[in-house]
Structure formats: structure tokens, C-alpha cells
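> Turn this into a model:
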Amino acid sequence: MTAPSLILLGHGSNDPRVAQVSHEIRAGILEIRSDLDISIAFLDHYPPTGLQVVNQLAKRGVSEVVFVPLLLSDAFQAHAEVPALIAQVQGAHPGTPPTSKSRSSAPSIPFTIVFVSEVPCCTRTRAPT
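Numbers count the residues shown, from 1 in each chain. The predicted structure follows:
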């Protein structure tokens, strides 16, 4: 089994220094685990969007994605914008199951979204093996 592609999901800002922090986090992770496929996306103010990154990954044949929120608080973005992004991605990739903690059975699907929320709750879906 290969590791899923990670999408570090930041809020975004008009200030490019904010995006730079996300890139530095990505670089730090890759120093430790260079075998991981890590992308960066933003909810607002700065490209690329989560949907744009998912579309690029899907074109490359990626079948599993983990959104890793870089949100530092339990604010509006975590409760409104992140779920809206997941719904947008699911709408753009028909057949993607809803995120859930467990599934007794899942149909064969071309693309799976895995969403990891802030600790302590993790939400995950997986394609059948």
C-alpha cells in the first residue's frame, strides 16, 4: 500500500509570507519523509484552491488524498469553509464517498477523499482493496 497524497490546507492570505509558511512546513516534512507526495492548497486569498490541487492529482492517477488543515483555531474555516471544500471536491469527482469514520462497504470508485480534521477527531474514507 502506498501513502496517500497529502494536501496541506491553509486559510490563505493576500500576504505572500503566509503562503511561505505552508511551503516551509511542506519542506520540513519532506526533509523527514522525502517519499511523501505533498501539495499545498488554500481556502481563500491565494492559489491554488483545494479543488485545483485535487484535480491535478486526479489527472496524475492519484486515488487517495488526505487534506491536512493548517488551521490554528477552531474557527469559521474549520466548520464552514473546509466542509464546503470537501463538498465541492466530491461534486467535481462523482463517486467519491462522503467522509466518515467507517464504512462497512464501499463501491469501487475512481477517487477517494480522506479528510483529517484537527485532533482529536479524525475522519477517513478509503477505497476498497
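
> ok, and what's touching the lengthiest helix in the chain?
Determined from DSSP state H, the single longest helix within the chain is helix 16-32. Helix 16-32 has contacts (C-beta atoms under 8 Å, 6 or more residues apart in numbering) with Leu6, Leu8, Gly10, His11, Gly12, Ser13, Leu36, Ile38, Ile40, Phe42, Tyr46, Leu70. Backbone N, C-alpha and C define where each C-beta goes, glycine included.

> Buried by neighbour count, from those: which ones?
Leu6, Leu8, Gly10, His11, Gly12, Ile38, Ile40, Phe42, Tyr46, Leu70 (16 or more other C-beta atoms under 10 Å).

> could you dump those residues to CSV with distance to Val21, pLDDT and secondary structure?
What follows is the buried ones among the contacts of helix 16-32, written out as CSV (distance: C-beta to C-beta, whole Å; pLDDT from 0 to 100; DSSP: H, G, I helix; E, B strand; the rest coil):
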residue, distance to Val21, pLDDT, secondary structure
Leu6, 16, 92, strand
Leu8, 10, 93, strand
Gly10, 8, 88, strand
His11, 11, 83, coil
Gly12, 11, 84, coil
Ile38, 14, 96, strand
Ile40, 10, 96, strand
Phe42, 11, 93, strand
Tyr46, 11, 88, coil
Leu70, 8, 83, coil
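
> Distance to His93 added to the residues you listed, as TSV?
Converted to TSV, those look like this (distance: C-beta to C-beta, whole Å):
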residue	distance to His93
Leu6	17
Leu8	20
Gly10	22
His11	23
Gly12	22
Ile38	20
Ile40	20
Phe42	19
Tyr46	23
Leu70	23
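
> show me the residues around Gln52 that make contact.
Gln52 sits in contact with Ala41, where contact means C-beta under 8 Å, 6+ apart.
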